[in-house]
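Visitor: The amino acid sequence is not available; the structure is as follows:
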């Protein structure tokens, strides 16, 4: 125990945190690219252009049906053979983004389709253009619906990014493995790794909740069940 | 705008003015379903036209084709001197999207289910069109919107969201949103059908106010008493065609078409 707190932690914790920083960078970048690409794919599939529909549907299907680790390995080992040399980190970002975008495009598509067609009709009826209707009426409402799900994917991504340790990106899990190969203290090191993952995910989920509340208009905020629980309860008559 | 008001000040002279809206031989099919089968309709400035008839007869489809919420399949629509669609030889031409948008902004629609932008406050709903489509300055648009909201009796609801309003209040916001476009024509698609009975008369009063101020209106409605009092022209639509048109007295009191007669009887009993 003494050894764990006064030798192992001071010596290796900073190294693990360096890995955690890479994990955060990987996740944030992949999320950003995944959001943009996912939204583009969703809009493409909803545009009603048939020549766009089937390649995009095929992309979503293929990327959802192959394990992420296999996708990462294929990208990492295929790109050099066609002359594209990406550092492992960026190969990881590419793999995670493409995978995430496939899932997010379905989240966006469902959220957009859930917006009542009357909203579009109302926009058209006052002369708004279609891009304007999307930008100002449909997407703001759809985004609000999608945020909790997107947040869930982000938290999943923080953890799934550990798979890029397989393509030699020095993120949290791989740094942990490196520490173990030097110290042979698997249990303690994996425990530290687990605690760091938990801390990051927990902060991320608080953040998601904040964003969700911030995007919720006033009238819906009042109705949130968590708020109702905090409100003074009416006295129950005996 | 001034033209509309002057001609409307003399409703009985309206019949002589050039048509604001002219529909000729309009067809609309949804796949195999042939909904409109050659509709002719003329609306002059300042005129209040009611479209009545049985459900599924094509009333709503007709006004949704007029502003191109639905794209017609064939026929001609001319609005305020601009052709929105026409036929030349066997080719059906549709005006470019820009022309359609411009026309829509001058003939906004009030919907059965209100269709207020639910993520926007009452005031934001009303200024959206003026600011984004008409490129009005925001402060000007707000000043006009406040006046319009006061006129429809919602001066104290600016910052509310649609979900916080009653059906009648929502519909009055929708009317204010239409008026903010300074329209030449307002389309009403069953504006009171989704309202609780006690809220209907408030909306009807608001619509009557518009008619009295000379606004050109096309109203799809099942409120026959209201149609009879307010309409300049009543068009009976059934089976995808206008079966009979005329002033309300003739349509309601002396219907000579048997289908119209049986419809009127079924409504009155």
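Guide: Cool, got the structure. Note that this is a predicted model, so its numbers are computed, not measured.

Visitor: Whatever helix or strand residue A:55 lives in - contacts with which helices or strands?
Guide: Assigned by DSSP states H and E, residue A:55 belongs to helix A:50-65. On a contact count with 3 or more C-beta pairs under 8 Å, 6 or more residues apart in numbering or on different chains; DSSP states H and E, helix A:50-65 meets helix A:9-46, helix A:88-113. The way it works is simple: take the backbone N, C-alpha and C, and place the C-beta from them, glycine included.

Visitor: Okay, buried residues for it please.
Guide: Within helix A:50-65, the residues that qualify as buried are A:56, A:59, A:60, A:63, counting by 16 or more other C-beta atoms under 10 Å in any protein chain shown.

Visitor: next one: stretch A:35-54
Guide: A:35, A:37, A:38, A:39, A:41, A:42, A:43, A:44, A:45, A:46.

Visitor: would CSV of the helices and strands packed on helix A:50-65 with distance to chain B and mean pLDDT be doable?
Guide: As requested, the helices and strands packed on helix A:50-65 are exported to CSV (distance: least, C-beta to the nearest C-beta, whole Å; pLDDT from 0 to 100):
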stretch, distance to chain B, mean pLDDT
helix A:9-46, 18, 93
helix A:88-113, 13, 96
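
Visitor: Would you mind finding the most buried of those helices?
Guide: Across those, the average number of neighbours (mean count of other C-beta atoms under 10 Å in any protein chain shown) peaks for helix A:88-113, which reaches a mean of 22.

Visitor: And residue 118, its phi and psi?
Guide: You didn't say which chain, so I picked chain A. Main-chain torsions, residue A:118, degrees, to the nearest 10: phi -60, psi -30.

Visitor: meant chain B, my bad for not saying
Guide: Residue B:118 adopts backbone torsions of phi -80, psi -10, taken as degrees, to the nearest 10.

Visitor: Tell me how many other residues crowd the closest residue to it other than its chain neighbours.
Guide: Of all residues not flanking residue B:118 in the chain, residue B:162 sits nearest, at 5.1 Å (C-beta to C-beta, 6 or more residues apart in numbering or on different chains). When neighbours are defined as other C-beta atoms under 10 Å in any protein chain shown, residue B:162 has 20 of them.

Visitor: Between the buried residues of helix A:50-65, which sits nearest chain B?
Guide: Distance to chain B across those (C-beta to the nearest C-beta) is lowest for residue A:56, with 24.2 Å.

Visitor: And the residue of the stretch 51-200 of chain B found nearest chain A, how close does it get to residue A:156?
Guide: Scanning the stretch 51-200 of chain B for proximity to chain A using C-beta to the nearest C-beta identifies residue B:105 as nearest, at 2.7 Å. Applying C-beta to C-beta, to the nearest Å, the value for residue B:105 to residue A:156 is 45 Å.

Visitor: just residue B:114 next, same as before
Guide: The gap separating residue B:114 from residue A:156 is 39 Å, by C-beta to C-beta.

Visitor: higher neighbour count, these two?
Guide: residue B:114 (25 against 14).

Visitor: Could you look up the SS state of that one?
Guide: Secondary structure, DSSP: H, G, I helix; E, B strand; the rest coil: residue B:114 is coil.

Visitor: just residue B:39 next, same as before
Guide: strand.

Visitor: How about it, nearest residue that isn't a chain neighbour?
Guide: Per C-beta to C-beta, 6+ apart, closest to residue B:39 is residue B:26, 4.4 Å.

Visitor: re earlier: same list (the helices and strands packed on helix A:50-65) but as a markdown table, adding distance to residue B:245.
Guide: Listed next are the helices and strands packed on helix A:50-65 as a markdown table, based on distance: least, C-beta to C-beta, whole Å:
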| stretch | distance to residue B:245 |
| --- | --- |
| helix A:9-46 | 41 |
| helix A:88-113 | 40 |
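
Visitor: The residue of the stretch 51-200 of chain B closest to chain A contacts residue B:129, correct?
Guide: Yes - in this structure residue B:105 lies within contact range of residue B:129 using C-beta atoms under 8 Å: 6.8 Å.

Visitor: Between these two, tell me which one has more neighbours.
Guide: Applying other C-beta under 10 Å to residue B:105 and residue B:129 shows that residue B:129 carries more neighbours, namely 27 against 22.

Visitor: Just say helix, strand or coil for the more buried one.
Guide: State at residue B:129, reduced to three classes by three-state DSSP: helix.
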